[in-house]
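Trainee: Quick one: sequence and predicted model below, then my questions.
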Amino acid sequence: MFFAKNKTAYPFLIILSFLLVSTAIFAVDKRELPSAQKTNFGPRDISSQNEVNGFFKPSRWGNDDTIATGPVYKGISCDYDTSGNLYAVRCTTYVDSSNAMVRVYKSTNGGASWFYLCGFTSGGSFKYSYPVVLTGNVGNKLYVFHLRSTQNGDIRMARFTQSGTFEEFCSIKADADTITYFSACTDDGSHLMVAYQKEENAHKIYTITSTDSGVTWGNQTNIAGDGQHPDIAYGNNGYVYLVFESTTGVGLKKYVSDYEIIFCKNLNYGAPLSWRDVQALTDDSYDDHYPKVAALHTLPESTACVWVAYNHYAPPASKVTNIDLNFAYSTNSGKNWTKDQVIANDPSADEMAADLKAYRSSLNQYVDLCYLKYSGIVKSGSDICYTFTEADRPWQFFSPHHIINDHWTNCSPDGREVCQLTYPIYNGYPGIVYAGAPLKKDAGKNLDYGGWDLYYDYYSWVGVEEEAGEEKLPAEFSLSNNYPNPFNPETRIGYLIPKACQVKLEVFNILGQRVRMLVDENQTAGKREITWDGKDENRNEVASGVYLYRLEAESSTQTKKMVLIR
């Protein structure tokens, strides 16, 4: 774990003051802890415990189906094909490599049931990790990428038909330098691209591309002389987006010495010498890690929305480093960015990005996000939370965020190891594949980087069908993150109300004193947004600091925080 670095004194005191008073404002996690006398435990059923720190699992996220039982080691993956079939993959390596195997599972009924489709074993003394399964739209193929511990880190791809018939292995990159991490993506199954981290005299980021469905691969391209944990995603019509963390930036430009998130894009399917818009997406002096990138496939490509979510290591509270979940977004395909936005920052828990994904459609206007929420008090595992945002409000990840797991999962700063998003049918609604909480040490076997058993859940729409042309009403009260945050001199606050009622929206200082009444009236159902200009009731400018804004509607009360910096 990387520890946050010091910031200038005044902003630190602002944030610290919020942390000191927040325990009096926000609910404490009331989840019943497992017995301290237990020496071993399996995945724990939490489906009946719906209300935790303002999060809940609504009825639209159903009971979690079991995909497979047994160990899950250092990485899972899932994807869907054009017929709506689902695929999930896990590695089953223990500490000993004799059990090393990659297994692929398939569902033909939207995830209601799963069966073992295909797989392969090591046949040698090495392990598999970081599997990636991709389908695309062309050729009825299934591509299973994986990292082997042999040859100092060897990225290989196994190609199957989507019915599970093995075709061939392809070694994508293996040389004298150790490869320790990679990410892969495809646009339609014909163009495949891999970004990976090599351990030379420093961490270096490379990309490599295939234009013939993985039959042959081109020459590697060095993207950065210092970088790690790359994530890569195709947009539309050859646009490729790459993010990674770095301490020295890209090329000749040097950024601050802490870990920053770096972005670049390619307009020609990842072709060498076509990378552009290289820039840092984080502007503060704290460490940022494990970025995830997703882009809409809407037209024109040059105006598509792009989002990057990442782990933001906030100032320590009570000598414990707190991890928040931040993001940056662009509305012009990564040319310009709004940076350092907040998705989740509960001071009593760590929030860590697991997966950020857009449904592959020219009509889709949404991107989905799942992340891990871990409290140091609850030692048995993490919750998985879900939220989403849309093209016309790219700054706003909607709340309340939903807890979607019925079983604990492992706490990992790289959520890719235990949790991934997919789409079960041709409607764009998301599904989730995740690994259950790992067993404790047993007979010399330990799953520090994985879990036990593989589960699936999905979001199914159960609302009443609307008449043609009628606007869909929100299903529940929801107060959104203000935008921008931090802000100067004004910020926008959005909220949703499902039916006509009396609505109050107020701003308070950290002492609980009301600063401004923004809304106090009866309102009809729908989406609302209001701007606060940073002034009090007497229209005087308020000082820099942390402020709270609270929505009261019917029996619902929701509170969030914002920071004004003059």
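Mentor: Yep, that arrived. Predicted model, so just to flag it, every value in this text is computed and none were measured.

Trainee: Just checking: what are the partner strands of whichever helix or strand residue 308 is part of?
Mentor: Residue 308 belongs to strand 306-313 when assigned by DSSP states H and E. Using DSSP bridges, the strands paired with strand 306-313 in its sheet are strand 288-295 (antiparallel), strand 323-330 (antiparallel).

Trainee: right, so of those strands, which gets closest to residue 92?
Mentor: When those are compared by Cβ to Cβ, strand 288-295 sits nearest residue 92, at 23.5 Å. All C-beta spots, glycine's among them, are computed from the backbone N, C-alpha and C.

Trainee: quick revisit: using JSON lines, lay out the strands paired with strand 306-313 together with mean neighbour count.
Mentor: Putting the strands paired with strand 306-313 into JSON lines (neighbours: other Cβ atoms under 10 Å) gives the following:
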{"stretch": "strand 288-295", "mean neighbour count": "25"}
{"stretch": "strand 323-330", "mean neighbour count": "25"}
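
Trainee: Find me the pLDDT at residue 196, would you?
Mentor: pLDDT, residue 196: 93.

Trainee: Could you check how far residue 231 is from residue 192?
Mentor: According to Cβ to Cβ, to the nearest Å, residue 231 stands 16 Å off from residue 192.

Trainee: returning to that earlier point: list the buried residues in the strand holding residue 308.
Mentor: Buried residues in strand 306-313, defined by neighbour count with 16 or more other Cβ atoms under 10 Å: 306, 307, 308, 309, 310, 311, 312, 313.

Trainee: same thing with stretch 141-150?
Mentor: 141, 142, 143, 144, 145, 146, 147, 148, 149.

Trainee: picking that back up, now mean pLDDT and distance to residue 497 too, for the strands paired with strand 306-313, in a markdown table please.
Mentor: Formatted as a markdown table, the strands paired with strand 306-313 follow (pLDDT from 0 to 100; distance: least, Cβ to Cβ, whole Å):
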| stretch | mean pLDDT | distance to residue 497 |
| --- | --- | --- |
| strand 288-295 | 95 | 29 |
| strand 323-330 | 95 | 25 |
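
Trainee: which one of those strands lies closest to residue 375?
Mentor: For those, proximity to residue 375 was assessed by Cβ to Cβ; strand 323-330 is nearest, at 11.7 Å.

Trainee: Quick check: neighbours of the following helix or strand past that closest one in the sheet, parallel or antiparallel?
Mentor: Using DSSP H and E, the helix or strand that follows strand 323-330 towards the C-terminus is strand 338-344. Strand 338-344 has the following strand partners under DSSP bridges: strand 323-330 (antiparallel).

Trainee: contacting residues around the partner strand?
Mentor: Applying Cβ atoms under 8 Å, 6 or more residues apart in numbering, the contact partners of strand 323-330 are 261, 263, 281-282, 288, 305-314, 336-345, 350-353, 371, 389, 394-395, 397, 413.

Trainee: at 7 Å what do you get?
Mentor: Strand 323-330 is contacted by residues 281, 305-314, 336-345, 350-353, 371, 394-395 when judged by Cβ atoms under 7 Å, 6 or more residues apart in numbering.

Trainee: Only alpha carbons, please: show it as CSV.
Mentor: The C-alpha coordinates for strand 323-330 follow below in CSV (Å, rounded to 0.1, in the frame of the first residue of the first chain):
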residue,chain,number,x,y,z
ILE,A,323,-8.7,5.4,0.0
ASP,A,324,-11.3,7.3,-1.8
LEU,A,325,-12.8,6.7,-5.3
ASN,A,326,-12.2,9.6,-7.7
PHE,A,327,-12.7,10.1,-11.4
ALA,A,328,-12.0,12.4,-14.4
TYR,A,329,-14.2,12.8,-17.5
SER,A,330,-14.0,14.2,-21.0
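
Trainee: quick one: low-confidence parts of the stretch 51-200 of the chain?
Mentor: Applying pLDDT under 70 to the stretch 51-200 of the chain flags the ranges 51-60, 93-99, 122-125, 137-139, 150-152, 174-177, 200.

Trainee: and residue 476, how far is that from residue 326?
Mentor: With Cβ to Cβ as the criterion, residue 476 and residue 326 are 25 Å apart.

Trainee: With residue 141 instead?
Mentor: From residue 141 to residue 326 the distance is 36 Å (Cβ to Cβ).

Trainee: Which parts of this protein are helices?
Mentor: 9-22 (DSSP state H).

Trainee: is it true that residue 234 touches residue 189?
Mentor: No: at 10.9 Å, residue 234 and residue 189 do not qualify as touching, with contact defined as Cβ atoms under 7 Å.

Trainee: And those two? Which one has more around it.
Mentor: Neighbour tally, residue 234 and residue 189, criterion other Cβ atoms under 10 Å: the higher count belongs to residue 234, 24 against 20.

Trainee: ok, that one - contacts?
Mentor: With Cβ under 7 Å, 6+ apart, residue 234 has these contacts: 185, 186, 187, 240.

Trainee: what about it, distance to residue 88?
Mentor: Taken as Cβ to Cβ, the span from residue 234 to residue 88 is 21 Å.

Trainee: now swap in residue 180 and tell me
Mentor: With the distance defined as Cβ to Cβ, residue 180 ends up 24 Å from residue 88.

Trainee: Then residue 349?
Mentor: For residue 349, the distance to residue 88 equals 27 Å [Cβ to Cβ].

Trainee: repeat for residue 273
Mentor: Residue 273 is 37 Å from residue 88, where distance means Cβ to Cβ.

Trainee: Looking at the two, which has the bigger crowd around it?
Mentor: More neighbours surround residue 88 than the other of residue 273 and residue 88, with 28 against 8 (other Cβ under 10 Å).

Trainee: what residues are up against the more buried one?
Mentor: Contact partners of residue 88, counting by Cβ under 7 Å, 6+ apart, are 67, 76, 78, 105, 433, 454.

Trainee: so what's the last one closest to, chain neighbours aside?
Mentor: With Cβ to Cβ, 6 or more residues apart in numbering as the measure, residue 67 is the residue that lies nearest to residue 454, at 4.1 Å, once sequence neighbours are left out.
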